[in-house]
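Trainee: All I have is the shape, not the residue letters:
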Ligand code: C2E
Ligand code: MG
Ligand code: MG
């Protein structure tokens, strides 16, 4: 019989004990039994966690494992309270101390071995949660940091966004400014020519739909240049701004008031029913601009000339409408200013002639097309030549000799009169000196000055220079200024007249009787001669009224100690009447027409 060797069977209780023993020894958490605050038995993990050899902990005080006695006492009180009720005691993070004094964080769970017997002790389970807690803290820190970064970045983005928004707003404003500048006049803030064209285009479309007319009113200020030249640009600018605001007040908000530049304005009036409507608006404009303009202690007066044309009757496009309104405005000027005119087809021909004339005049001076004619002024007794008047002529290619009445207004308007006027003055002085050098018995020469020249700065200097350069004695020069120019320039001219007088140059009032002389001025002006306009001389024989006027002028001149020249004497009968009235000087076709210099020379014999 085989001998079978068998290990004796282990009792069930012993097996259970072994199982517990194995669990106890290999548990990954620290386990310790305590009784009355003393450590009784601990597993290897417990000893390892606290850095003790396994046997060393048994019998030691439990407080040994805590980072301080206070910590332990606090924990113990709480622990006893909890386990007395048979519950599980649990601390999530308790600072604990290793054998070498270093600390770590442990998670503790403890329970009484028996609820009934307190002396049976307690079992503690400890886990080192330092790493876990560090990891959790690191995660929390990382999350906080991330949140902070996100916040910072959000703030940064918000800042950048705000900057971007501000930049966009600024750019929009700059664009709006540029746009406004491109379409508005900088002085008055009114729409400019470009915007006007746009509005006109739209208004034409609206007019087509609505079936009502559209009025284009071209407004030019009369004699604005005189104000600008004599009182300065500051005054001129102020006046233009004031005119702009008055025009805006005179029309409805739905109408457009635009400034084309200079003293030119345009008003667009949609929805008019024809000429009577337009006349009413034009009248209103004349009234609002007719009110005096007070500025820096002065009171300025300005009047407008208005040209009106209607869409669709007078033009179907922007350019034609503007041109026709402009042509009508010129006719309003010709009709005496401070009035309005409706466009008529014949006006275009006149405008074309005007344009053509102006273009030709622009080259006339350089092309040497101007000439000075001279007309004698004679003694009514002896008929001897006492002086000469220099009169401008234009030898226009293809048109023959053109008289000044046809082109002087254009020279005035364009400002060319300044250069041409100076040329006439120089030519007359040089001519007189040439005659003198030739041994002729020279007489004084009279040169006409236009209103524009008169208000030009530096006129006195220019006269002085010409006298110097030509060698002309000032006493041989006389300057003629029309009554209208003299009175319009008012008190400001006195200084200039006195400068001219002080040079020894004579001054005459031309075309006397056609303007409205103020006796107060007449008395103060240093003038020596009055030229009675030929309109009074013409009807002298037939009109008792004109005879009375000439007699009155003679009396006035006598009392002011002025010489009188009768202009436009054509007949012996006129001459006889003038002599009767005591007029000593006369000029007219009866004695001589204006003649070229070479034909005058023979009259200048001693
Ligand atoms: P004004 O200064 O009154 O000159 C007299 C005008 O009367 C001249 O006309 C002359 O030819 C004209 N006249 C003279 N005697 C008679 C006559 O018996 N019968 C008629 N029917 N007319 C006579 P003109 O040369 O055509 O000049 C017209 C105006 O043009 C001048 O009037 C003057 O105001 C202006 N003018 C002429 N030359 C100049 C100039 O160099 N500068 C300026 N600013 N104006 C000038
Ligand atoms: Mg004259
Ligand atoms: Mg005259």
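Mentor: In hand now; what should we look at? All values derive from a computational prediction rather than experimental measurement. Ligands and ions are numbered 1, 2, ... in the order given.

Trainee: so how far is whichever helix in the chain runs longest from its chain's centroid?
Mentor: Secondary structure of the chain read by DSSP state H shows that its longest helix is helix 130-183. Offset of helix 130-183 from its chain centre (C-alpha atoms, centre = their mean, to the nearest Å): 37 Å.

Trainee: now for it, which elements pack on it?
Mentor: When contacts are defined as 3 or more C-beta pairs under 8 Å, 6 or more residues apart in numbering; DSSP states H and E, helix 130-183 packs onto strand 103-112, helix 193-210. All C-beta atoms are positioned from the backbone trio N, CA, C, and that covers glycine.

Trainee: Tell me which of the ones you listed sits nearest to ligand 3.
Mentor: helix 193-210 (39.7 Å; C-beta to the ion).

Trainee: Pull out the buried residues from that closest one.
Mentor: Buried positions in helix 193-210, judged by neighbour count with 16 or more other C-beta atoms under 10 Å: 193, 195, 196, 197, 199, 200, 203, 204, 207.

Trainee: Likewise for stretch 318-328?
Mentor: Buried residues in stretch 318-328, counted by 16+ other C-beta under 10 Å: 318, 321, 322, 323, 324, 325, 326, 327, 328.

Trainee: Please apply the same query to stretch 178-187.
Mentor: Within stretch 178-187, the residues that count as buried by 16+ other C-beta under 10 Å are 183, 184, 185.

Trainee: Spell out for me which residue occupies the centre of the protein.
Mentor: Residue closest to the average C-alpha location in the chain (C-alpha atoms, centre = their mean): residue 186, at 3.4 Å.

Trainee: Kindly reformat the buried residues of helix 193-210 as CSV and extend each row with pLDDT and distance to ligand 2.
Mentor: Formatted as CSV, these follow (pLDDT from 0 to 100; distance: C-beta to the ion, whole Å):
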residue, pLDDT, distance to ligand 2
193, 95, 39
195, 95, 46
196, 96, 42
197, 96, 44
199, 95, 47
200, 96, 44
203, 95, 48
204, 96, 49
207, 93, 50
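
Trainee: Could you check how many residues crowd around the residue in the stretch 1-150 of the chain that ligand 3 sits nearest to?
Mentor: Distance from ligand 3 to each residue of the stretch 1-150 of the chain (C-beta to the ion) is smallest for residue 150, at 93.5 Å. Residue 150: 10 surrounding residues under other C-beta atoms under 10 Å.

Trainee: Over to residue 579?
Mentor: Using other C-beta under 10 Å, residue 579 has 14 neighbouring residues.

Trainee: mind listing what residue 549 touches?
Mentor: By C-beta atoms under 8 Å, 6 or more residues apart in numbering, the contact set of residue 549 is 513, 536.

Trainee: before we move on, which element is it in?
Mentor: helix 544-559 (DSSP states H and E).

Trainee: what's next to the following helix or strand past that helix, contact-wise?
Mentor: Using DSSP H and E, the helix or strand that follows helix 544-559 in sequence is strand 563-566. Strand 563-566 is contacted from outside by 377, 380, 508, 528-532, 537, 550, 553-554, 557, 574, 578, 583-588, using C-beta under 8 Å, 6+ apart.

Trainee: pLDDT wise, what is the spatially closest residue to residue 547 that is not a sequence neighbour at?
Mentor: The shortest distance from residue 547 to any non-neighbouring residue, by C-beta to C-beta, 6 or more residues apart in numbering, is to residue 540 (6.0 Å). Note on residue 540: pLDDT of 91.

Trainee: how much space between residue 540 and residue 383?
Mentor: 18 Å (C-beta to C-beta, to the nearest Å).

Trainee: out of the two, which sits in the busier spot?
Mentor: residue 540 (25 against 13).
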